[in-house]
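[1] Sequence first, then the predicted structure:
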Amino acid sequence: MAKCDQGYLCEVCGKEVPNITRSDLYLRFVIGEIDARQLLSAPERHLECNPTLAQFIVAPKFTPVQVEGAFSKSELDPSDVQAREELVTRGWERLQEIRSLGIPINEYPLEEFRSVK
């Protein structure tokens, strides 16, 4: 397989992130935390390898992730947690559908985070 056809390596565990449905990098892009230029330079991780983000995915098809200590959502304001769960879960759901949509990368983000051009 050509290098360009392979997933990127996770900076945490060192294993390949096989596609965007498991990608912390692309989830952060979809929810507006990074822009398209950063996709080429920001580190890649499996969703599970970034538990501080993954803990906010609340979906039946996603295995819940628990975080202990100061970064646990149980330590945060409940209204902030609810808003973050809503955003990150919508982003994760969008990530799951992107591969089947055949859309350009500038349409990957949730609508409120798409650049107006």
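    Everything's here; your move. Numbering: from 1, shown residues only.
[2] residue ranges with poor pLDDT in the protein?
    1-7, 116-117 (pLDDT under 70).
[3] gap between the residue most central in space within it and residue 69?
    Closest to where the C-alpha atoms of the chain average out (C-alpha atoms, centre = their mean) is residue 27, at 2.1 Å. To residue 69, residue 27 is 22 Å away according to C-beta to C-beta, to the nearest Å. Backbone N, C-alpha and C define where each C-beta goes, glycine included.
[4] Then residue 98?
    Here the criterion is C-beta to C-beta. By it, residue 98 lies 32 Å from residue 69.
[5] And the helices in the protein?
    Here the chain has its helices, by DSSP state H, at 24-30, 51-54, 78-101.
[6] of all those, which lies closest to residue 109?
    With distances scored as C-beta to C-beta, the stretch of the helices of the chain nearest to residue 109 is helix 24-30 (5.2 Å).
[7] For that closest one, name the packing helices and strands.
    helix 51-54, helix 78-101 (3 or more C-beta pairs under 8 Å, 6 or more residues apart in numbering; DSSP states H and E).
[8] taking these together, which one is wrapped up most tightly?
    helix 51-54 (a mean of 18; mean count of other C-beta atoms under 10 Å).
[9] The helices and strands packed on helix 24-30: which one's closest to residue 32?
    Between residue 32 and the helices and strands packed on helix 24-30, the tightest spacing by C-beta to C-beta is seen for helix 78-101, at 8.5 Å.
[10] what packs against that closest one?
    Going by 3+ C-beta pairs under 8 Å, 6+ apart, helix 78-101 lies up against helix 24-30.
[11] In PDB, list the C-alpha atoms belonging to the helix it packs on.
    In PDB, the C-alpha atoms belonging to helix 24-30 read as follows (Å, rounded to 0.1, in the frame of the first residue of the first chain):
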ATOM      1  CA  ASP A  24      -9.200  12.600  17.000                       C
ATOM      2  CA  LEU A  25      -7.700  15.000  14.400                       C
ATOM      3  CA  TYR A  26     -10.600  14.900  12.100                       C
ATOM      4  CA  LEU A  27     -13.100  15.100  15.000                       C
ATOM      5  CA  ARG A  28     -11.400  18.300  16.100                       C
ATOM      6  CA  PHE A  29     -11.700  19.600  12.600                       C
ATOM      7  CA  VAL A  30     -15.400  18.700  12.300                       C
END
